[in-house]
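J.: Requesting a structural model of the entry that follows:
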Amino acid sequence: VRAGEGRLTEFRLDGKVVAANVTLLSAALSGGYLYGADPDLRERKVDVATLLLRYEAGRALEEGRPVVSFLRGNEPYKNHWRPETVVNQRLLLATHALAPLMRLHESQVTGRERAVGALREALPAAREALPPPGTGGRG
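T.: Next comes the predicted model:
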């Protein structure tokens, strides 16, 4: 934190810390690393995920960091908690003027996914070496 490579944020309600978040920082990334929240927030109908996303997106925008990530990935140490694997997706937002570039990007991703699917069918042994379907090759 002192070196500017991280941030610790406390969220308070009526003066009491009810959630805390550790964020790793680089010039281009704001990465949510670890958070904790008081279980009583559920009773108060507080959506912690929305709270963190809104806060981190706002800070990243203020600080000029173009990427916000919650650093999800398939690191072996996370398997201790027996996580449920889900497909990671990105939501890309742009102005109307950038719509053609967004469609091009979407076409490239779709083409890459189709190529992986075709390779899986043609070479069943390659399944172990290929990324899971829908991940675009990224963890």
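J.: from the middle of its chain, how far away would the helix or strand hosting Gly36 be?
T.: Assigned by DSSP states H and E, Gly36 belongs to strand 29-37. With Cα atoms, centre = their mean, to the nearest Å as the basis, strand 29-37 stands 10 Å off its chain's centre.
J.: what's the helix or strand that it is followed by in contact with?
T.: Note on strand 29-37: by DSSP H and E, the next helix or strand toward the C-terminus is helix 40-43. For helix 40-43, contacts defined as Cβ atoms under 8 Å, 6 or more residues apart in numbering pick out 13, 18-19, 48. All C-beta atoms are positioned from the backbone trio N, CA, C, and that covers glycine.
J.: Please apply the same query to stretch 18-25.
T.: 4-12, 30-38, 40-41, 46, 48, 51-52, 55-56, 59, 63, 65, 71.
J.: Centre of the protein to the edge, which residue is at the far end?
T.: Ala122 (32.0 Å; Cα atoms, centre = their mean).
J.: how far away is it from Arg114?
T.: Ala122 sits 12 Å away from Arg114, going by Cβ to Cβ, to the nearest Å.
J.: Okay, domains of the protein per the record?
T.: 6-81, 89-138 (the TED database).
J.: any weak-confidence spans in this structure?
T.: Within the chain, the stretches with pLDDT under 70 are 73-75, 77-78, 81, 83, 86, 88, 92, 126-139.
J.: can you rerun that using 80?
T.: The model of the chain has pLDDT under 80 over residues 71-94, 124-139.
J.: in it, which spans are helices?
T.: Ranges of helices in the chain, per DSSP state H, are 40-43, 48-63, 99-122.
J.: and the second one, which residues are buried?
T.: This points to helix 48-63. In terms of neighbour count (16 or more other Cβ atoms under 10 Å), helix 48-63 has its buried residues at 48, 51-52, 55-56, 59-60.
J.: so can I have TSV of these showing distance to Thr110?
T.: Listed next are these as TSV, based on distance: Cβ to Cβ, whole Å:
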residue	distance to Thr110
Val48	33
Leu51	33
Leu52	30
Tyr55	33
Glu56	29
Arg59	33
Ala60	28
